[in-house]
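*Asks:* sequence? don't have it. structure:
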Ligand code: F6P
């Protein structure tokens, strides 16, 4: 049995831990052979296939990024994409794939599986918004980085008695903002799932100053004000058709300054949340996902996604899990409103 492994979409801490556990268990316990497909679906299209064995995965557990490279290439945007993937798999005698990715990569995997390609999916994203799994690896690391940043911003905000806005990742979901905001003791947390009222944000900010503390506002990059409150001067659509609002963090700081007459600054954490070594929890979860994914291949249980449910790793059909992004439940968000302002 020869298994191909690929990592697609935005990278995330823990990808190497999955690759390592898939290869270690597959070789040692099942006698499988492995190859890596470089740069996600791009390598599958271009026939860019590299050997993958025990020696290639030695020492990679604590390393961020992915030794296989990644891309956001979608083979369905190429006319002969599926056939080219089939050709690559046939040329390298690959029997099955382990596909490690987020929404977009798994969406492609779902369609390929429907068309008869044998594969197993592993969910990843720092955003924690893949439906069907309680957590994705990479999330805990990102939350840790954002929390440390918030801790540091508290002391500089206090020294200057100004508002510090922290923009964290999360285009569609506010998981990082909510977890890091709560862990870091933010005074306002803004998430895409709950459009905010800028007047309310400014009231919370003023309130914080009144009790002689400097406000910390945590905003997910996809957070938006209620209708009519923002003039979209700089609205762009990215290559995936996602609307990108340029700089919600910047916009918030400007509005806070204008509306409250107090000083405000913005820190955009950006890709620092995705880089570097995974946390212990992410290494643990990624390793378990890898072990269970290779078991699914051994069982010939294709078209499945490994997922965390409670403390168990389960297999769920790729179909039906890809229907929607896992958003923050409004009642969970409401639990923390007592800390705002
Ligand atoms: O999906 C993960 C993520 O990190 C998002 O939070 C972020 O919006 C996006 O990727 C950034 O993608 P890129 O690195 O391609 O700009």
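*Replies:* Done, it's in. As the structure is a computational prediction, the values presented were derived from the model and not from experiment.

*Asks:* What distance do you get for the residue in the stretch 51-200 of the chain positioned nearest to the ligand to residue 302?
*Replies:* Of all residues in the stretch 51-200 of the chain, residue 169 sits closest to the ligand, at 3.4 Å by Cβ to the nearest ligand atom. Using the backbone N, CA and C atoms, a C-beta is placed for each residue, glycine as well. Using Cβ to Cβ, to the nearest Å, residue 169 is found at 32 Å from residue 302.

*Asks:* Which one's more surrounded, the two?
*Replies:* Neighbours per residue (other Cβ atoms under 10 Å) separate residue 169 from residue 302, with residue 169 holding more: 24 against 17.

*Asks:* On the pLDDT front, check that one for me.
*Replies:* At residue 169, the model reports a pLDDT of 97.

*Asks:* which residues touch it?
*Replies:* If a contact means Cβ atoms under 8 Å, 6 or more residues apart in numbering, then residue 169 has 126, 127, 142, 176, 220, 221, 269, 270, 273, 274 as its contacts.

*Asks:* Pull out the buried members of those residues.
*Replies:* With neighbours counted using 16 or more other Cβ atoms under 10 Å, the contacts of residue 169 contain these buried positions: 126, 127, 142, 176, 220, 221, 269, 273, 274.

*Asks:* Tell me where the stretch 201-341 of the chain has helices.
*Replies:* Read by DSSP state H, counting those that start in this stretch, the stretch 201-341 of the chain holds these helices, from start to end of the chain: 248-260, 280-298, 330-334.

*Asks:* Can you say which of these is nearest to the ligand?
*Replies:* Between the ligand and these, the shortest gap by Cβ to the nearest ligand atom is with helix 248-260, which sits at 11.7 Å.

*Asks:* and that closest one, is it in reach of the ligand?
*Replies:* No - residues of helix 248-260 are not located near the ligand by Cβ under 6 Å from any ligand atom, the shortest gap being 11.7 Å.

*Asks:* heads up, I number from 2, so please use that
*Replies:* Happy to do that; since the first residue is 2 now, the last one works out to helix 249-261.

*Asks:* in that helix, what's buried?
*Replies:* Buried residues in helix 249-261, counted by 16+ other Cβ under 10 Å: 249, 250, 252, 253, 254, 256, 257, 261.

*Asks:* Over to stretch 48-59?
*Replies:* Of the residues in stretch 48-59, 50, 53, 57, 58 count as buried by neighbour count, 16+ other Cβ under 10 Å.

*Asks:* do the same with stretch 160-176
*Replies:* 163-176.

*Asks:* Pass me the low-pLDDT residue ranges in the stretch 152-301 of the chain, would you?
*Replies:* Per-residue confidence of the stretch 152-301 of the chain (counting by pLDDT under 70) places the weak regions at 232-247.
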